[in-house]
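Chemist: pasting the sequence and the predicted coordinates here, then a few questions.
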Amino acid sequence: MRAHASHDAAKCQAGHGHPERLRRLRPEAPQTGHEQNQTACHEISCKPRLHRQREPEADPGAKKDRHPGKQDTPRIGHRPRQPPQDAPAHRHLVSGPPLAYQMPNASAPMVSERLSRMTGHVVTRFAPSPTGYLHIGGGRTALFNWLFARGRGGKFLLRIEDTDRERSTPEATAAILRGLEWLGLDWDGDVISQFERRDRHAEVAHAMLARGTAYKCFSTREEIEAFRAEAEAKGSYAVFQSPWRDADPATYPDRPFAIRMKAPREGETVIDDQVQGRVVIKNETLDDMIVLRSDGTPTYMLAVVVDDHDMGVTHVIRGDDHLVNAARQQMIYDAMDWSVPVWAHIPLIHGPDGKKLSKRHGALGVEEYQVMGYPAAGMRNYLTRLGWAHGDAEFFTSEQAMEWFDLKGIGRAPARLDFKKLENLCGQHIAASDDAALLHELEAYLAVANLPALSEHQRGLMLAGMSSLKERAKTFPELLEKARYILTTRPVARDEAAEKALDPVSRGILASLTPRLRNASWTKEDLEAILTGTAAEHGLGFGKLAAPLRAALAGRTVSPSVYDMMLVIGQDETIARLEDAAA
RNA sequence: GGCCCGUUCGUCUAUCGGUCAGGACAUCAGGUUUUCAACCUGAAGAGAGGGGUUCAAUUCCCCUACGGGCUACCA
């Protein structure tokens, strides 16, 4: 149980999960890529070895066959019913006739080809493990996958890596789906449960056995630990080498065995990563990992590969804590003669202090940001920009992000969360929002923040005042503060500063104002004439009159424009509040 | 310990050997103003350190330092 705690955070960020056992998915649209990024690979291999270069975005591909599995999938949840306000409508794919699982090398189904073309050959996925809330880093990983797929007419799938039965909970799965829905990241098809696919994983492990790319290992945990202890004692750290790798089946004992990958011991495995460049891992540093445990359950390494392959995933975009794992996984793809997906390992997000993001940095869960009142569009913009750039573009809509998002724009260094910038962007998005849509999102915020809902009357006023309110708020709590003049009722509660602004002289002026307001036509022009006129008569600048007016109308010295407030709450209410204050 | 990844203003980043190293947020100073927000102008602010390669390095290579990851019958 070493280093477990720290492990978890990274895991969540990576949007990856624990694998272990499962079964099948039900792609409604089987994929069958046929291209390969050979060109890219080619160019690369010609480059000097250490000269790391980003490749042009490779086309996913399937150099061999790519066939999806198909079955009824255990559905964990449905995609959000409403696409985000600024997201394109969902693309529904026609589902072809059910396809049975096929063993490697089976010819690709026609349906797959057609659908592949329709979807631009791009299929991404987000694969969180349901052991808690949706981590902010995981949210960004999901966002990148979503943007990449949606921007290319591809598919964005969701798989829950719930193979760790001890730690996986339905509540966590629900929380993750809620987080994604709030962020506006809609996925295609049903949510896939990795656990449900465990039989298929085992099937592949046995297929590897049959192909001779895996072997039965009868070594016990004790033996392995002893091996390691001995190595450590000698100061070396050699990877475990099972004595059963090339053992004669005739010598197999009658006891449980694990299935281990027969990994190449020489040479190197090259990961062509779209973010990290060309990464070379020496095979001698990788062991013969176990793909199927002695109890018959699959390990994570196997499960991800099988699922990604069956789901037709073309681009694996995940946390860079999986970079080395990619080499191991690539060995499994090779062992099964499956085409390797395009890799893109993105750096994790760090806290403001540059350290790994942890609880002490405050908000970790995506839902916490929702409760803090950040609008989803602002979150998407900020998170997209965190670690990715498109020239000098800072403020943009999700449509633009989809159009611009690419793998080569992703940075290689971990980024830190900057709440100030988040707020600034959120403020811009709030200001740019449609009034009605904003009110709708505000009401959703009230619900999750456990605040009282708006009455019909309040909704009407809020809608009327929204155009001026939205220009001065960065978050929903701020918006509500500015809207206090609407949400409050007489007698208007005043804070200290407001009380101070209502000195005897000011009260007198307000009192003299009300008769004139009674005869006003209640247009901005008319009110302007009355107020500036009154201020002038008292030898005051308009600012001097505005202060007590704010105090009377909003109970604060900080508020929206006095004209906006008067026009929104109306003549009667305005006069009543002024009389209250003048009294 | 081994292997892998990373390191440009405080922060997010641009730059694909030759730039006054650009933008944004934040900060500071002015301006505007009906408070706040917004807005306008200006200022300050960066290539971790050291070696190479090159006519020329932020950019290519190496080393060091500092972060991070992997090294499980965890995910």
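Modeler: Looks like it came in fine.

Chemist: what's the burial count for A:S468?
Modeler: Using other CB atoms under 10 Å, A:S468 is surrounded by 17 other residues. Backbone N, C-alpha and C define where each C-beta goes, glycine included.

Chemist: which residues are in contact with it?
Modeler: Neighbouring residues of A:S468 by CB atoms under 8 Å, 6 or more residues apart in numbering: A:560-561, A:564, A:568.

Chemist: put together TSV for the residues you listed, with pLDDT and distance to RNA strand B on each row.
Modeler: As requested, the contacts of A:S468 are exported to TSV (pLDDT from 0 to 100; distance: CB to the nearest atom of the strand, whole Å):
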residue	pLDDT	distance to RNA strand B
A:P560	92	6
A:S561	92	4
A:D564	93	7
A:V568	94	13
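
Chemist: farthest pair within these?
Modeler: A:S561 and A:V568 (10.1 Å; CB to CB).

Chemist: please identify which of the two sits among more neighbours.
Modeler: A:V568 (24 against 14).

Chemist: give me the subset of the contacts of A:S468 lying in helices.
Modeler: A:564, A:568 (DSSP state H).

Chemist: show me where the stretch 301-450 of chain A has its strands.
Modeler: Secondary structure of the stretch 301-450 of chain A (DSSP state E, counting those that start in this stretch): strands located at A:315-319, A:342-346, A:349-350, A:415-416.

Chemist: tell me which of those lies nearest to A:L439.
Modeler: So among the strands of the stretch 301-450 of chain A, strand A:349-350 is nearest, using CB to CB, at 31.3 Å.

Chemist: what sits up against stretch A:515-526?
Modeler: For stretch A:515-526, using CB under 8 Å, 6+ apart, the contacting residues are A:527, A:530, A:534, A:563, A:566-567, A:570-571, A:574-575, A:578.

Chemist: to clarify, my last question referred to stretch A:407-421.
Modeler: A:54, A:56-57, A:136, A:144, A:148, A:274-276, A:315, A:317, A:342, A:344, A:346-354, A:357, A:361, A:382, A:386-390.

Chemist: let's see 7 Å
Modeler: The set of residues external to stretch A:407-421 that reach it, using CB atoms under 7 Å, 6 or more residues apart in numbering, is A:54, A:57, A:274-276, A:344, A:346-352, A:354, A:382, A:386-390.

Chemist: which stretches of the stretch 51-200 of chain A aren't confidently modelled?
Modeler: Scanning the stretch 51-200 of chain A for pLDDT under 70 picks out A:51-120.

Chemist: where do the helices sit along it?
Modeler: All helices of the stretch 51-200 of chain A, identified by DSSP state H, counting those that start in this stretch, fall at A:110-118, A:136-150, A:170-183, A:198-211.

Chemist: in chain A, where is pLDDT below threshold?
Modeler: Along chain A, segments meeting pLDDT under 70 span A:1-120.

Chemist: now do the residue most central in space within chain A against A:V448, distance only.
Modeler: Nearest residue to the geometric centre of chain A (CA atoms, centre = their mean): A:G139, 2.2 Å. Here A:G139 is placed at a distance of 16 Å from A:V448 (CB to CB, to the nearest Å).

Chemist: of the strands of the stretch 301-450 of chain A, which is nearest RNA strand B?
Modeler: Evaluated with CB to the nearest atom of the strand, the strands of the stretch 301-450 of chain A place strand A:415-416 nearest to RNA strand B, the distance being 3.4 Å.

Chemist: who does the closest one pair up with?
Modeler: Using DSSP bridges, the strands paired with strand A:415-416 in its sheet are strand A:349-350 (parallel).

Chemist: list of residues touching the strand it pairs with?
Modeler: By CB under 7 Å, 6+ apart, the list of residues contacting strand A:349-350 from outside reads A:13, A:136-137, A:140, A:356-357, A:386, A:414-417.

Chemist: run the chain-centre distance for it.
Modeler: Chain-centre distance of strand A:349-350: 14 Å, with CA atoms, centre = their mean, to the nearest Å.

Chemist: over to stretch A:477-494?
Modeler: Distance of stretch A:477-494 from its chain centroid, counting by CA atoms, centre = their mean, is 34 Å.

Chemist: for that stretch, which positions count as buried?
Modeler: Buried residues in stretch A:477-494, counted by 16 or more other CB atoms under 10 Å: A:477-486, A:488, A:492, A:494.

Chemist: can you give me the end-to-end span of that stretch?
Modeler: Stretch A:477-494 has an end-to-end distance of 19 Å (criterion: CA to CA, to the nearest Å).

Chemist: does that stretch reach RNA strand B?
Modeler: Yes - applying CB under 7 Å from any atom of the strand, one finds stretch A:477-494 touching RNA strand B at A:K482.

Chemist: about what we covered before: name the nearest of the contacts of stretch A:515-526 relative to A:G365.
Modeler: Taking the contacts of stretch A:515-526 together and measuring to A:G365 by CB to CB, the closest member is A:L567, at 40.3 Å.

Chemist: list the contacts of the closest one.
Modeler: By CB under 7 Å, 6+ apart, the contact set of A:L567 is A:K524.

Chemist: do that again at 10 Å, thanks
Modeler: Taking CB atoms under 10 Å, 6 or more residues apart in numbering, we find A:L567 in contact with A:464-465, A:468, A:522-524, A:527, A:561, A:574.

Chemist: ok, A:N450 next?
Modeler: A:V371.

Chemist: drop anything exposed from the contacts of A:L567.
Modeler: Those of the contacts of A:L567 that meet the buried threshold are A:464-465, A:468, A:527, A:574, by 16+ other CB under 10 Å.

Chemist: need those in a markdown table (columns: secondary structure).
Modeler: Below are those laid out as a markdown table (DSSP: H, G, I helix; E, B strand; the rest coil):
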| residue | secondary structure |
| --- | --- |
| A:A464 | helix |
| A:G465 | helix |
| A:S468 | helix |
| A:L527 | helix |
| A:T574 | helix |
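
Chemist: with distance to A:D295 added, can I get those residues in a markdown table?
Modeler: Formatted as a markdown table, the buried ones among the contacts of A:L567 follow (distance: CB to CB, whole Å):
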| residue | distance to A:D295 |
| --- | --- |
| A:A464 | 65 |
| A:G465 | 63 |
| A:S468 | 65 |
| A:L527 | 78 |
| A:T574 | 75 |
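
Chemist: filter the residues you listed down to the ones near RNA strand B?
Modeler: Contacts with RNA strand B are made by none of those, judged by CB under 7 Å from any atom of the strand.

Chemist: what's the closest of the residues you listed to A:A326?
Modeler: The closest of those, once distances to A:A326 are taken by CB to CB, is A:S468, at 51.9 Å.

Chemist: A:A326 is in contact with A:L286, correct?
Modeler: No - counting by CB atoms under 10 Å, A:L286 stays clear of A:A326, with 11.2 Å between them.

Chemist: so what sits against both of those two?
Modeler: Shared contacts of A:L286 and A:A326, defined by CB under 10 Å, 6+ apart, comprise A:T269.

Chemist: which of those two has more neighbours?
Modeler: Legend: neighbour count by other CB under 10 Å for A:L286 and A:A326, higher for A:A326 (25 against 19).

Chemist: so the more buried one is in contact with A:V280, correct?
Modeler: No - at 12.0 Å, A:A326 does not count as touching A:V280 under the criterion of CB under 10 Å.

Chemist: now do the shared contacts for those two.
Modeler: With CB under 10 Å, 6+ apart, A:A326 and A:V280 have common neighbours A:269, A:271.

Chemist: okay, and the residue of the stretch 101-250 of chain A found nearest RNA strand B sits in which element?
Modeler: Proximity of the stretch 101-250 of chain A to RNA strand B (CB to the nearest atom of the strand) peaks at A:Y237, 3.0 Å away. For A:Y237, there is no enclosing helix or strand under DSSP states H and E.

Chemist: strands of the stretch 151-300 of chain A, start to end?
Modeler: Taking DSSP E, counting those that start in this stretch as the test, the strands found in the stretch 151-300 of chain A are A:155-160, A:192-193, A:214-217, A:258-261, A:268-273, A:277-282, A:290-292.
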